[in-house]
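Chemist: what follows is a protein structure lacking sequence information:
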Ligand code: ZN
């Protein structure tokens, strides 16, 4: 399996998604973290999600893997050595409370299995990736469809911001934000993540109460 160190995520990076949640579009990239323990593979198996903490939302995202230490002037094509699709699972009701209180997002975004990832594949360069849509199907119906050329902060801007403020090195990954169409998970939903027409990964969601 591909080495994963830090998991950086970007919020509100697609205008239509910011709008669907009534969020303002940020003036600089808004980063948050997930623990590496949040990772679960989209390998056809069941992914267990919290079933007793309100709505669990799916957010389908293009995920990039960093292949070398960040330095100013390095291009995205030089920094990225792999890509995948991921689902940034979010406890939306919990997040609303955290936002209201001004608390960090960990409880809403960092729980176990909240970072589902397809296998990483070779990176074909930003230009090629800009020409391919990615999508999520639930139970065979497409619910999200996006293209990274719709990102508010493009790949280079995300890498420069993250690298400058937080550091970026080999093994770090970035969830680059979700396009519109997020929604609630139901028990037994079958998820299929597609890059163009190619299936990158799939899994079934199970909502189960967690013991405290
Ligand atoms: Zn997200």
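Modeler: Perfect, I can see it now. No experiment lies behind these values; they were computed from the predicted model shown.

Chemist: longest strand in this structure, by residue count?
Modeler: Longest strand in the chain, counting residues (DSSP state E): strand 198-208.

Chemist: who does it touch, helix- and strand-wise?
Modeler: Secondary-structure packing of strand 198-208 (3 or more CB pairs under 8 Å, 6 or more residues apart in numbering; DSSP states H and E): strand 39-41, strand 43-50, strand 80-88, strand 115-117, strand 190-195. C-beta: built from backbone N, CA, C; applies to glycine.

Chemist: any idea which helix or strand comes after the fourth one?
Modeler: Counting by DSSP states H and E, the element after strand 115-117 in chain order, helix or strand, is helix 126-129.

Chemist: do the same with the second one
Modeler: Toward the C-terminus, strand 43-50 is succeeded by strand 56-58 as the next helix or strand (DSSP H and E).

Chemist: any residue of the helix or strand following that following strand touching the ion?
Modeler: Next in sequence after strand 56-58, counting helices and strands by DSSP H and E, comes strand 60-66. No. Strand 60-66 stays clear of the ion (CB under 5 Å from the ion), getting no nearer than 5.6 Å.

Chemist: strand partners of strand 60-66, parallel vs antiparallel please.
Modeler: With DSSP bridges as the test, strand 60-66 is paired with strand 80-88 (antiparallel), strand 173-175 (antiparallel).

Chemist: and the longest one, how far from the chain's centre?
Modeler: Strand 80-88 has its C-alpha centroid displaced from the chain centroid by 8 Å (CA atoms, centre = their mean, to the nearest Å).

Chemist: over to stretch 67-83?
Modeler: On CA atoms, centre = their mean, the centre of stretch 67-83 falls 19 Å from that of its chain.

Chemist: kindly report the same for stretch 151-168.
Modeler: That offset, for stretch 151-168, works out to 15 Å (CA atoms, centre = their mean).
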